[in-house]
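Colleague: Structure for the following, please:
(chains A, B, C, D, E and F)
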There are 6 protein chains.
Amino acid sequence: MYRRRAEGVKEEIDFVEEIFREDAKREVNRVLDLACGTGIPTLELEERGYEVLGLDLHEEMLRVARRKAEARGLNIKFIQGNALDMSFEEEFDAVTMFFSSIMYFDDSAIRELFNSVKRALRPGGVFIADFPCWFYGGNDGPIVWDERRGYERLVITDWREVEPAFQKLHFKRLVQIIRPNGETKAFFVDDELNIYTPREMRLMAEKYFKDVRIYGNLRRSLAPSDRRYWLVAVK
Amino acid sequence: MYRRRAEGVKEEIDFVEEIFREDAKREVNRVLDLACGTGIPTLELEERGYEVLGLDLHEEMLRVARRKAEARGLNIKFIQGNALDMSFEEEFDAVTMFFSSIMYFDDSAIRELFNSVKRALRPGGVFIADFPCWFYGGNDGPIVWDERRGYERLVITDWREVEPAFQKLHFKRLVQIIRPNGETKAFFVDDELNIYTPREMRLMAEKYFKDVRIYGNLRRSLAPSDRRYWLVAVK
Amino acid sequence: MYRRRAEGVKEEIDFVEEIFREDAKREVNRVLDLACGTGIPTLELEERGYEVLGLDLHEEMLRVARRKAEARGLNIKFIQGNALDMSFEEEFDAVTMFFSSIMYFDDSAIRELFNSVKRALRPGGVFIADFPCWFYGGNDGPIVWDERRGYERLVITDWREVEPAFQKLHFKRLVQIIRPNGETKAFFVDDELNIYTPREMRLMAEKYFKDVRIYGNLRRSLAPSDRRYWLVAVK
Amino acid sequence: MYRRRAEGVKEEIDFVEEIFREDAKREVNRVLDLACGTGIPTLELEERGYEVLGLDLHEEMLRVARRKAEARGLNIKFIQGNALDMSFEEEFDAVTMFFSSIMYFDDSAIRELFNSVKRALRPGGVFIADFPCWFYGGNDGPIVWDERRGYERLVITDWREVEPAFQKLHFKRLVQIIRPNGETKAFFVDDELNIYTPREMRLMAEKYFKDVRIYGNLRRSLAPSDRRYWLVAVK
Amino acid sequence: MYRRRAEGVKEEIDFVEEIFREDAKREVNRVLDLACGTGIPTLELEERGYEVLGLDLHEEMLRVARRKAEARGLNIKFIQGNALDMSFEEEFDAVTMFFSSIMYFDDSAIRELFNSVKRALRPGGVFIADFPCWFYGGNDGPIVWDERRGYERLVITDWREVEPAFQKLHFKRLVQIIRPNGETKAFFVDDELNIYTPREMRLMAEKYFKDVRIYGNLRRSLAPSDRRYWLVAVK
Amino acid sequence: MYRRRAEGVKEEIDFVEEIFREDAKREVNRVLDLACGTGIPTLELEERGYEVLGLDLHEEMLRVARRKAEARGLNIKFIQGNALDMSFEEEFDAVTMFFSSIMYFDDSAIRELFNSVKRALRPGGVFIADFPCWFYGGNDGPIVWDERRGYERLVITDWREVEPAFQKLHFKRLVQIIRPNGETKAFFVDDELNIYTPREMRLMAEKYFKDVRIYGNLRRSLAPSDRRYWLVAVK
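Modeller: Now for the predicted structure:
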């Protein structure tokens, strides 16, 4: 869903390094990258000389990350674990969370996340996470598309439902698999995300961090029509 | 903009009385109605036996309110004043603010408002305010319509701009007045409102009040697809 | 489709009683409620002191209606029957038909309905039926949504087709039931309704009734932008 | 608004002749063409051998029509007059009204029109009029376009408002004339039309004529999705 | 997809004959009609006195064409064959290709087509083909509709995908067949067409033909807002 | 209209250098930058060590460009001139044209441009120009927005018209200036651009250059859904 073109990672890490220099209250060396996935930003940070630890819930993602690290000759550690349940105590100068992953955390999980991240940071360390602007309310009309898979055809119907009052976003997908003789099987998958506004991200983070800023995309300020935001919170 | 049909006032005050009974931590007798406008809910509350004081910024609104009170034989006090700058000290059992007026207050004004309201409430008293759900982002296409005024024609263009990052909503109106000989005059007016989500209204109010709830419309609970909300905050 | 929130029934019956008082040419005591469904307005009329008879095609609806009547201690009669084939002769002061049910009758059925209703009414009695404004022409894009039912997922696709020349409205629904192993069953249901304009409802009713009016919603007059109408026809 | 490409006139008159042959109850020789405008169908009918009289409210339209007739060597009579106020008594075998002109007549005018046409027709004669299908309700977003006129620029804003309950259609146009130095003049024009459905046209005409049919476009039957209709009413 | 109302064929062949007279550099007697389908324009040409040969890939189309020719007493030859692989050498005065069939040919096939057509034409002979204007880019939302087939219901989902860079248009259709007991079968079909602009059709044809023109629809000129085009290329 | 964020220039010039290395048939040292405007890419090329000459029609643009060059200590030549009327003879290894400026040239001007560019290039030199994908046909609904300028208000209406058959794109803007007393002035401006597809750009360029490729955006290949294209033509 939040796939990111590898080409974009360089300018994102440029922006993150600018935050390290300008907003963190200590020099940044050790970085914890939460929800690191297959390690795209993790590896970029390591290559720029930081000492990075990548953490993700999914072992199969980490396997890909480790293979990529090896191929690039990087000695970087990727561990399986839950961002809400970490035992790090003041070990990192910065904690990052890319790919809008913060949307997977609801109101109460986000409080646990902030606690967990705060504990992992050294004093003056910085937490950085990006999140998008979402339209509130309304359902998106279905999009239908298809794919060929050997002799089978997949017909995929995607739609999206928003609960405005609860600020939940549901991505729904119906996959129909059609054999040449017309026999069909179908699968249904969905994903639930949490919608946050810049103001409420700031309000929630201020309960845990000393200095909280919301930036627009790849720029250390916020413009009225920005559609992607970066939470920057200093311990 | 937030005109309200007089017929609806009865069921809104039914709902408000239910909140008085079920959520307030003291019996409600004295009520302060902020941004009371021409007094539609103020008069309804008075008629149901509460002792109500109406406050509004605009003297011309209050004149209408006083005239209506007189016509209905009600001895109710309407005073001109700013909700952010009131000197009441623990004088009211409840403070109400209808017509989505809370959208006129931005982040810092709303903090002053909560302070000011809290001071005016007696312990256990309740603050009630309604606000709508707004789509974030995107501009609404212009709507063009016209009106006849004597020999002149008015052509009115209305549109709406949202600043997603700052959560501002701008209503804009261009009025063009056309004389029969083709001479034109034009006027431009706009209005700036603040968009709040249920979650951020709760987060902000929790800093000032003991018990904060967000209800859906005219129902003491919140459903996923609600589009109008009621802030209920007990001192 | 024309589900109605029970909360709205009170103001609809207020409006119906206003019509009883102002438009009927006789005092209203006995009321026949056609297409009464589960009896929401039927029960409300009975509770306000009218002697009401509820009639519906569907026995399973009437069973619910009878149970609700019993629970509220009302001695009200619900009978199964076809509104086009009633043998009542001048037995009622008023006949009502709510929930836009009149849309189920096409051109020729509506003539039978008017005949049947007219026979059932006493002289000066009134027939009241509501119906909506519909956009003519165009098909509505499909809406897709889903529901969980035990281990199965239901994926429902709804769409709507209008035949502008014949003024027919088709609601269509495809229900796909998906087992965890991908096996699917599907059902297709549709419903055909008739679209009437205020003008043609008046023209048709004038052939059967003495005094015919079309009102807007819950108001004894018609405004240019009204979207729901009430047929009021006096014998 | 209802401009019609001259190329289309031939197939329309083919269709009208088919109606003359198949639906009229007498041979058609003398034809009265109401709201004939600049005479496009009037001339075509005359050229096919009918004896035609063209009638229109607007003298400037008729002047164009007479000039065209002269150019084509046709001896055809065009007179200025009101279709509602004609003194013809059983003089014509057919009366035609093209260009959706029937939309200019409201409920009460259309009754006068039917009376007036009926009087002008000989027994068994036929009245033919076309009218379109209109979407009910909703406003069309404005369309803005411009034209150059010497040194001036015209900026034209067109929009459309529908009153669903009254079945009125308003076409509105704002013309702004801009001089090179920025001085502007503006003019506002509008036009009010009446929206009729096939069913109500039939219901209204049946009160005046013996045999009434509604056809689809250029075909002597009606299909569900037709969007243009022809009223055919035999005296 | 490009079904054409039989009524329209007469004015299309009027237009084609105008091109024969005005643009061809030789008298037109023998005509080759490519992708003739069931022969609608082929038969019309034959009836107007040309000596026509119909060619199509699909034998089942040709069977229908031959039956229609027989029914109308026309002695016309329909042969199965591929327009890209014809062995005609300077045998025809004109080659026609209707129904936007030219969209089935991609960049390289269209070059073969032009070669093949050029070889079949006598010097001064003319090639005529129509093609539509297509919006570039964007996907069309799905349209869902249904049909009854005995006890089965067919639910059909149609959508359209455009590849802007490659100027390909994909029509996609999912047919779901639903038995009364809920059992379903599904079939998926798609069709790939090529989008051409007036300018590029001219540029490509100029490499093979001496005189190339692009006309608007049924008119020997091109207007800015035309949406259907006719390629006219003289050998 | 084709404003470009200075931040993007680096990756565009990265891409252009890749084309210099991979596609040009000679080493690139001297570069001619046509329609250079205020010199954003021109300066970037110079800073990377190329010997660049900037050319533009508008002296006021060039003044800005020269000032920027001076500020950055670059000794770069900017000359006023028309790209269609240049007297360079085999002087450059590469010619560039950014900002979709090629859209300002119509069919016949683009032929002159290709001739003029070809003459200016040394054998094996490369011409590079970017252009966007445009939707063909249809008008865009007006966008209305406003700006404050001292005591005046500007209300701006923007719309767009496309001529599908001629592949022209018109941008239109109405600026209304409103004084506080309602007096208005208005100005109207428009701009005409030419729409090209990837296929026709290739077809036209192939008449003048030896090796022509169309790339997607910042990538030396073309993907089906690309919306911005780069013409690369080697002499």
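
Colleague: Just want the angle from the helix or strand of chain A with the lowest mean pLDDT to strand C:140-149.
Modeller: Comparing every helix and strand of chain A by mean pLDDT, DSSP states H and E singles out strand A:140-149 as the least confident one, with a mean of 86. Taking axes from the mean of the first three to the mean of the last three Cα atoms, to 10 degrees, one finds strand A:140-149 and strand C:140-149 inclined to each other by 80 degrees.

Colleague: Run through who's touching the helix or strand just after strand A:140-149.
Modeller: For strand A:140-149, the succeeding helix or strand toward the C-terminus, using DSSP states H and E, is strand A:152-163. The set of residues that contact strand A:152-163 without belonging to it, under Cβ atoms under 8 Å, 6 or more residues apart in numbering or on different chains, is A:134-148, A:168-180, A:195, B:224-225, C:144-145, C:155, E:142, E:157, E:174, E:186, E:188. In short, each C-beta sits where N, CA and C put it, glycine included.

Colleague: Next, the angle from strand A:152-163 to strand E:140-149.
Modeller: Note on geometry: by the same axes, to 10 degrees, strand A:152-163 and strand E:140-149 are set 110 degrees apart in direction.

Colleague: Keeping just the C-alphas, turn strand A:152-163 into CSV.
Modeller: These are the backbone C-alpha positions of strand A:152-163, laid out as CSV (Å, rounded to 0.1, in the frame of the first residue of the first chain):
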residue,chain,number,x,y,z
GLU,A,152,-6.2,-18.5,-14.7
ARG,A,153,-7.5,-14.9,-14.7
LEU,A,154,-7.7,-12.9,-11.6
VAL,A,155,-10.3,-10.2,-11.4
ILE,A,156,-9.6,-7.9,-8.5
THR,A,157,-12.1,-5.4,-7.0
ASP,A,158,-10.7,-2.8,-4.7
TRP,A,159,-12.6,-0.3,-2.6
ARG,A,160,-12.2,1.8,0.5
GLU,A,161,-14.4,2.7,3.3
VAL,A,162,-13.8,5.4,5.9
GLU,A,163,-15.5,5.7,9.3
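
Colleague: Tell me which strands that strand pairs with, and in which orientation.
Modeller: Looking at strand A:152-163 with DSSP bridges, its paired strands and their directions are strand A:140-149 (antiparallel), strand A:168-178 (antiparallel).

Colleague: Flag every buried residue along the shortest one.
Modeller: Pointing back at strand A:140-149 there. Of the residues in strand A:140-149, A:142-144, A:146 count as buried by neighbour count, 16 or more other Cβ atoms under 10 Å in any protein chain shown.

Colleague: what's the closest of those to chain E?
Modeller: residue A:144 (4.3 Å; Cβ to the nearest Cβ).

Colleague: Which strand residues bridge that closest one?
Modeller: residue A:157.

Colleague: Can you report phi and psi for the residue minimising distance to the centre of chain A?
Modeller: Among the residues of chain A, the one closest to the centroid is residue A:101, at 2.6 Å (Cα atoms, centre = their mean). Torsion angles at residue A:101 (phi, psi; degrees, to the nearest 10) stand at phi -60, psi -20.

Colleague: Distance-wise, check whatever residue of chain A ends up closest to chain C relative to chain D.
Modeller: Of all residues in chain A, the one sitting closest to chain C is residue A:185 (3.4 Å; Cβ to the nearest Cβ). Distance of residue A:185 to chain D, computed by Cβ to the nearest Cβ, to the nearest Å: 36 Å.

Colleague: Can you say which helix or strand has that residue in it?
Modeller: Assigning secondary structure by DSSP H and E places residue A:185 in strand A:184-194.

Colleague: I would like the residues contacting that strand, please.
Modeller: Under the criterion Cβ under 8 Å, 6+ apart, external residues in contact with strand A:184-194 comprise A:1, A:103-107, A:110, A:167-178, C:146, C:153, C:155, C:176, C:178, C:181-184, E:176, E:184-186.

Colleague: Just the buried ones among those, please.
Modeller: Buried members of the contacts of strand A:184-194, scored by 16+ other Cβ under 10 Å, are A:103-105, A:110, A:167, A:169-170, A:172, A:174-178, C:146, C:153, C:155, C:176, C:178, C:184, E:176, E:184-186.

Colleague: quick one on the thing from earlier: out of the buried residues of strand A:140-149, which comes closest to residue B:80?
Modeller: For residue B:80, the closest of the buried residues of strand A:140-149 turns out to be residue A:142, at 54.0 Å, with distances computed as Cβ to Cβ.

Colleague: Correct me if wrong: that closest one contacts residue C:145.
Modeller: No. Proximity of residue A:142 to residue C:145 does not meet the contact threshold set by Cβ atoms under 8 Å, at 9.5 Å.

Colleague: Excluding chain neighbours, give the residue nearest to the closest residue to chain E within chain A in space.
Modeller: For chain A and chain E, the shortest gap (Cβ to the nearest Cβ) falls at residue A:182, measuring 3.5 Å. Closest residue to residue A:182 apart from its sequence neighbours, by Cβ to Cβ, 6 or more residues apart in numbering or on different chains: residue E:185 at 3.5 Å.

Colleague: Done for today, thanks.
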